[in-house]
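[1] Predicted model follows, preceded by the sequence.
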Amino acid sequence: MERYCGPDLSPLARHDPEIAEVLCDELERQRHGLQLIASENLASPAVLAALGSPLTNKYAEGYPGRRYHGGCEVVDRAEQIAIARAKRLFGAEHANVQPYSGTTANLAAYAALLRPGDTVLAMSPRHGGHFTHGSRANFSGRWFDVVPYGVRRDTERIDYDEVRDLALRHEPKMIICGAAAYPRLVDHAVLRGIADEVGAWLLADAAHTIGLVAGGVVPSPVPYADVVTFTTHKTLRGPRGGGILCTGELAPRIDRAVFPFVQGGPMMHVIAAKAVAFGEAARPEFAAYARRVVENARTLVAALEAEGLRPVSGGTDTHLVLADLRPVGVDGATAERRCAAAGVTLDRCPIPFDPEPPSVASGIRLGTPYVTSQGMGPDAMKEIASIVLQAVGNPNAVTSLLARVRALTDAHPAYRNEG
Ligand SMILES: Cc1ncc(COP(=O)(O)O)c(C=O)c1O
């Protein structure tokens with residue numbers, strides 16, 4: 001294997017070559033392909049080291065100083081450091097760092113603030129909202145009465161007039177903002193005003209944008225939302241996991257909802273890795289990284305438009321690009337498959353008012369967090385746009401495209417340098 005600056009894999013290679021081979025193959029896949037899934041990133045070797053540590057052995061149900069197990073005095077320190085760093089990073093009164101994922105963070109937020117059957121106003125998954133914001137296949141749509149809001153047909157931006165009308169008509173207990181496929185900023189002040197008008201809680205799901213908030217390149221929801229949920233593995237570049245920020249007043253309700261209502265023993269190795277990621281995100285280098293993530297997304301979207309795709313909402317303010325493929329006459333599922341053959345990993349994605357079912361979709365969603373962590377800049381973004389368009393339109397060009405992808409990834413290797 002080429003030089004690898006990450007945790008030592010040799011004990012695994014000796015002990016379990018079959019699984020070691022899977023790890024090495026995945027490392028090679030990440031190294032020699034373009035990773036453009038907007039939810040993914042390149043966690044640092046320090047984050048990986050914390051994840052692969054003996055903290056995984058420790059049971060620690062409860063919270064620091066209030067555990068249901070003995071021997072927690074050392075792991076308590078990891079959680080206390082993670083909480084203190086998260087509070088400082090985001091200016092929040094309280095942080096819960098135990099959620100296993102963004103989904104369990106959202107489940108805990110619902111559990112803390114609502115009762116089954118309550119009405120919730122949330123962005124439709126067909127317009128970019130996440131499936132925990134009301135999909136019938138998820139607890140949110142099954143246990144709550146979810147009224148969806150969407151974007152305007154002309155601007156493809158959130159229709160705040162519609163949100164207010166729906167709020168006045170349905171009097172929801174909670175309004176949710178934040179999305180999985182919305183490239184624009186959310187106006188938290190307007191949503192706070194609407195929530196106050198109808199006496200609703202405001203939940204900001206910042207799963208996607210929290211790293212950009214940490215880096216100071218998008219506005220923080222913390223001053224406006226009662227509760228902010230987030231993931232640690234997307235733009236924040238930490239381990240796979242979730243977190244919750246809230247006011248001091250809501251802290252006991254949120255903590256009880258996470259444990260014991262939704263979860264059991266916390267993953268202390270992941271909490272230590274979250275602490276590492278919060279520490280990294282507080283550094284000036286991370287602010288510079290977050291700035292480059294957004295600059296790269298803007299360059300990428302402009303280059304895709306120049307190549308013939310239509311950027312949904314006309315562009316992006318974040319790490320995320322949503323492109324309408326209809327001008328080039330290819331559907332999202334076909335584009336995803338053709339890009340994969342050329343070594344480019346991205347997602348098909350419904351666009352607002354999509355005539356296709358979600359399994360086919362008319363759009364693709366791309367993100368810049370991973371490739372920016374590899375050190376790619378504007379020239380690479382233009383090359384990526386050209387590769388994507390060629391891959392989508394010309395399935396016979398695979399060999400030459402694989403070579404172009406390889407040239408980019410060789411110039412910007414993952415885990416070749418200390419992160
Ligand atoms: C807006 C939003 N919320 C929640 C989640 C869920 O996160 P996880 O996959 O960690 O459960 C995601 C994941 O993509 C998301 O985009």
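    Received it, and whenever you're ready, just let me know what you need.
[2] what residues are up against Gly128?
    Taking Cβ atoms under 8 Å, 6 or more residues apart in numbering, we find Gly128 in contact with Val151, Ala179, Ala180, Ala181, Tyr182, Leu322, Pro352. Placement of C-beta: from N, CA and C, glycine included.
[3] Sitting in strands, which of the residues you listed do you find?
    Counting by DSSP state E, the contacts of Gly128 place Leu322 in strands.
[4] near the ligand, which of the contacts of Gly128 show up?
    Restricting the contacts of Gly128 to those near the ligand by Cβ under 6 Å from any ligand atom leaves Ala179, Ala180.
[5] As a markdown table, the contacts of Gly128 with neighbour count would be great.
    Compiled in a markdown table, the contacts of Gly128 are given as follows (neighbours: other Cβ atoms under 10 Å):
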| residue | neighbour count |
| --- | --- |
| Val151 | 24 |
| Ala179 | 26 |
| Ala180 | 23 |
| Ala181 | 23 |
| Tyr182 | 27 |
| Leu322 | 27 |
| Pro352 | 23 |
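[6] Rebuild the contacts of Gly128 as CSV, extending it with distance to Pro54 and pLDDT.
    Below are the contacts of Gly128 laid out as CSV (distance: Cβ to Cβ, whole Å; pLDDT from 0 to 100):
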residue, distance to Pro54, pLDDT
Val151, 48, 98
Ala179, 38, 98
Ala180, 35, 98
Ala181, 39, 98
Tyr182, 40, 98
Leu322, 42, 98
Pro352, 48, 97
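[7] and the contacts of Gly128, which of them are in helices?
    In this view, the contacts of Gly128 have no member that belongs to helices under DSSP state H.
[8] Looking at the contacts of Gly128, which one is closest to the ligand?
    Ala180 (3.4 Å; Cβ to the nearest ligand atom).
[9] mind checking how far the closest one is from Asp205?
    As judged by Cβ to Cβ, to the nearest Å, Ala180 and Asp205 stand 9 Å apart.
[10] isn't Thr299 right next to Ile384, touching?
    No. Shown here, Thr299 and Ile384 do not form a contact pair, counting by Cβ atoms under 8 Å, at 9.4 Å.
[11] Which one's more surrounded, those two?
    Ile384 (26 against 19; other Cβ atoms under 10 Å).
[12] OK, contacts around the closest residue to the ligand within the stretch 51-200 of the chain?
    Nearest residue of the stretch 51-200 of the chain to the ligand, counting by Cβ to the nearest ligand atom: Gly102, 2.4 Å away. Residues near Gly102 by Cβ under 8 Å, 6+ apart: His130, Thr132, Asp205, Ala207, Thr229, Phe230, Thr231, Gly242.
[13] give me the residue from the stretch 251-400 of the chain nearest the ligand.
    For the stretch 251-400 of the chain, Cβ to the nearest ligand atom, closest residue to the ligand: Leu320, 9.8 Å.
[14] Mind listing the residues bridging to that residue?
    Taking DSSP bridges as the rule, Leu320 bridges to Gly367.
[15] Do you know the pLDDT at it?
    Leu320 is assigned a predicted lDDT (pLDDT) of 98.
[16] Tell me how many other residues surround it.
    Neighbour tally, Leu320, other Cβ under 10 Å: 30.
[17] shouldn't His130 be in contact with Ala179?
    Yes. His130 lies in contact with Ala179 (Cβ under 8 Å); the separation is 6.6 Å.
[18] joint contacts of these two?
    Asp205.
[19] Could you list the residues in contact with the helix or strand Glu280 falls within?
    According to DSSP states H and E, Glu280 maps onto helix 268-281. For helix 268-281, the surrounding residues in contact (Cβ under 8 Å, 6+ apart) are 43-44, 46-48, 50-56, 58, 60, 75, 78-79, 81-82, 85-86, 89, 97-98, 100, 211, 214-215, 232, 236-241, 243, 286.
[20] Enumerate the residues of this protein near the ligand.
    So far as Cβ under 6 Å from any ligand atom goes, the chain lies against the ligand at 39, 101-103, 106, 130, 132, 178-180, 205, 207-208, 231, 242.
[21] how about a cut-off of 5 Å?
    With Cβ under 5 Å from any ligand atom as the criterion, the chain comes near the ligand at residues Ser39, Ser101, Gly102, Thr103, His130, Ala180, Asp205, Ala207, Thr231.
[22] Return the entry from these with the maximum number of neighbours.
    Asp205 (30 neighbours).
[23] Does that one have any beta-bridge partners, and if so which?
    For Asp205, the beta-bridge partners under DSSP bridges are Thr229.
[24] Pull the contacting residues for it.
    Gly102, Asn106, His130, Thr132, His133, Ile176, Cys177, Gly178, Ala179, Val228, Thr229, Phe230.
[25] Which residues are in contact with the fourth one?
    When you say that, I think you mean Thr132. Gly102, Thr103, Asn106, Leu107, Asn138, Phe139, Ser140, Asp205.
[26] Need phi/psi at the third one.
    This means Asn106. Asn106 adopts backbone torsions of phi -70, psi -40, taken as degrees, to the nearest 10.
[27] what number of residues lie near Asn96?
    Using other Cβ under 10 Å, the number of residues around Asn96 comes to 28.
[28] Can you give me the neighbour number for the spatially closest residue to Asp187 that is not a sequence neighbour?
    In space, and not counting its chain neighbours, Asp187 is closest to Tyr160: 6.6 Å by Cβ to Cβ, 6 or more residues apart in numbering. Tyr160 has 16 neighbours, counted by other Cβ under 10 Å.
[29] and Glu285, which of the three is it?
    Here Glu285 is helix, with the state taken from DSSP: H, G, I helix; E, B strand; the rest coil.
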